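S.K.: Turn this into a structure:
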Amino acid sequence: MSYAILSFIHSISRSQRLSLLTKGSVNELISGESWTNVVSLLKERGIIEEQPNNIEDFEYLLKNRAFMLFEKIRNYFSIFRITYNIIDLYLYILTLDELKNIIVSIINGKSNNKVRFFKRYFDQIPTSLEELINSLKGTIYFDALSYAIKESQSKDLAYLLSLLDFYFIRKLSEIVESFRGDWKSSAESIICYYKDYYSISLAIKHKVVQNITCRINAEILKDLSSSSNNNEILDVIRRTQYSKLISTNTVYETLANLYRLARINARRNAELAFMSSPFNPSLALALAELIRLDTEDIITITNAKSLRIKEEDIKRMISFELI
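M.R.: Numbering: from 1, shown residues only. Predicted coordinates:
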């Protein structure tokens with residue numbers, strides 16, 4: 001990769017990072033009296049421009065902001081395919097919930113009037129998965145859905161949806177694996193815990209072993225996939241290093257805690273990436289991950305405020321280490 005391209009990645013990544021959340025701004029949002037107060041603070045900071053009528057509209061406004069930001073950054077990085085593909089994956093994961101809802105609507109034969117991001121691909125909701133796939137040709141959604149359908153072999157809908165989640169970390173891991181030296185170690189540190197979370201989740205929920213891991217080995221996944229009850233699953237998790245970092249009282253709680261730990265680790269190492277070698281393509285990954293985490297954290301805070309959840313409990317729900 002040329003010095004000019006690396007300099008460009010460095011410049012774009014650092015300029016965009018200036019608009020990201022800080023611990024101070026997050027504490028300010030958490031201290032808001034209500035979800036509408038949080039929205040007003042975000043509007044004052046220029047993060048959103050409109051005043052949403054409800055939580056659902058707010059979530060779309062925030063995701064759409066991230067979507068447009070990702071599209072802008074992806075266009076900046078179009079001169080270098082690897083960074084372009086990284087941002088493309090983050091656009092995919094940002095909009096995946098809507099794709100899942102469309103798939104569920106098709107399978108269950110129910111109408112879905114809440115299509116926003118995918119309006120660009122079709123005027124009306126497709127009536128079959130085949131029609132949906134054809135409408136998405138030439139996009140990352142086509143690749144992901146084709147992969148999920150092939151791997152699931154029509155076993156069940158839940159497995160297909162889980163594979164769509166897994167596609168994100170699978171493809172991201174392939175990109176990171178192509179890096180060398182400091183580039184690879186920096187990028188790997190960001191996605192490390194995600195790799196374990198997604199693979200553990202598949203092994204527990206669907207009894208499937210996918211050997212994309214970081215801090216665990218294949219034997220752990222095999223044991224999880226062959227476990228016959230929740231106690232056995234928890235016993236296997238307690239054999240891993242994660243048992244020292246999270247509570248493992250129930251399977252649901254364990255997976256939730258593992259995902260939050262992955263997010264905390266990703267934020268910490270994404271921020272460290274900006275302090276390392278200035279000319280590093282992993283900065284594109286770090287920037288994309290921070291934008292994603294910011295978006296998810298703001299949505300979490302706002303939803304929690306609407307439910308009147310205590311401030312200390314909200315702090316335990318986000319990717320910032322505030323406690």
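
S.K.: Could you list the domains of this structure?
M.R.: Domains of the chain are assigned by automatic domain parsing as 1-79+281-323, 81-179, 180-273.

S.K.: Give me the average confidence score over the last one.
M.R.: Confidence over domain 180-273, taken as the mean pLDDT, stands at 95.

S.K.: how many other residues sit next to the nearest residue to residue 177 once chain neighbours are set aside?
M.R.: Leaving out its chain neighbours, the residue that sits closest to residue 177 by Cβ to Cβ, 6 or more residues apart in numbering is residue 184, at 7.6 Å. For the C-beta atoms, the positions are set from N, CA and C on the backbone; glycine is no exception. Residue neighbour count, defined by other Cβ atoms under 10 Å, stands at 14 for residue 184.

S.K.: Isn't residue 184 up against residue 190?
M.R.: No. Taking contacts as Cβ atoms under 8 Å, residue 184 lies outside contact range of residue 190: 11.0 Å.

S.K.: mind listing the strands for this structure?
M.R.: Counting by DSSP state E, the chain has no strands at all.

S.K.: In the chain, which helix is the longest?
M.R.: In the chain, with assignment by DSSP state H, the single longest helix is helix 81-108.

S.K.: now for that helix, which elements pack on it?
M.R.: helix 55-76, helix 129-135, helix 140-152, helix 157-177, helix 282-306 (3 or more Cβ pairs under 8 Å, 6 or more residues apart in numbering; DSSP states H and E).

S.K.: quick check: angle from the third one to helix 157-177?
M.R.: What that stands for is helix 140-152. Inter-element angle recorded for helix 140-152 and helix 157-177: 120 degrees (by axes from the mean of the first three to the mean of the last three Cα atoms, to 10 degrees).

S.K.: and helix 140-152, what does it pack onto?
M.R.: The elements that helix 140-152 packs onto, with contact taken as 3+ Cβ pairs under 8 Å, 6+ apart, are helix 81-108, helix 129-135, helix 157-177.

S.K.: before we move on, the earlier item: quick one, the longest helix of the chain and helix 282-306 angle?
M.R.: Orientation of helix 81-108 against helix 282-306 (the same axes, to 10 degrees) gives an angle of 40 degrees.

S.K.: what's the angle between helix 81-108 and helix 55-76?
M.R.: Using the same axes, to 10 degrees: helix 81-108 against helix 55-76 is 150 degrees.

S.K.: re earlier: mind putting the helices and strands packed on helix 81-108 into CSV with mean pLDDT?
M.R.: Converted to CSV, the helices and strands packed on helix 81-108 look like this (pLDDT from 0 to 100):
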stretch, mean pLDDT
helix 55-76, 91
helix 129-135, 94
helix 140-152, 96
helix 157-177, 97
helix 282-306, 94
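
S.K.: what's near enough to touch residue 174?
M.R.: Under the criterion of Cβ atoms under 8 Å, 6 or more residues apart in numbering, residue 174 has no neighbours.

S.K.: For it, give its distance to residue 185.
M.R.: For residue 174, the distance to residue 185 (Cβ to Cβ, to the nearest Å) stands at 17 Å.

S.K.: now residue 165
M.R.: Going from residue 165 to residue 185 by Cβ to Cβ gives 25 Å.

S.K.: Which of the two has more residues huddled nearby?
M.R.: residue 165 (17 against 14).
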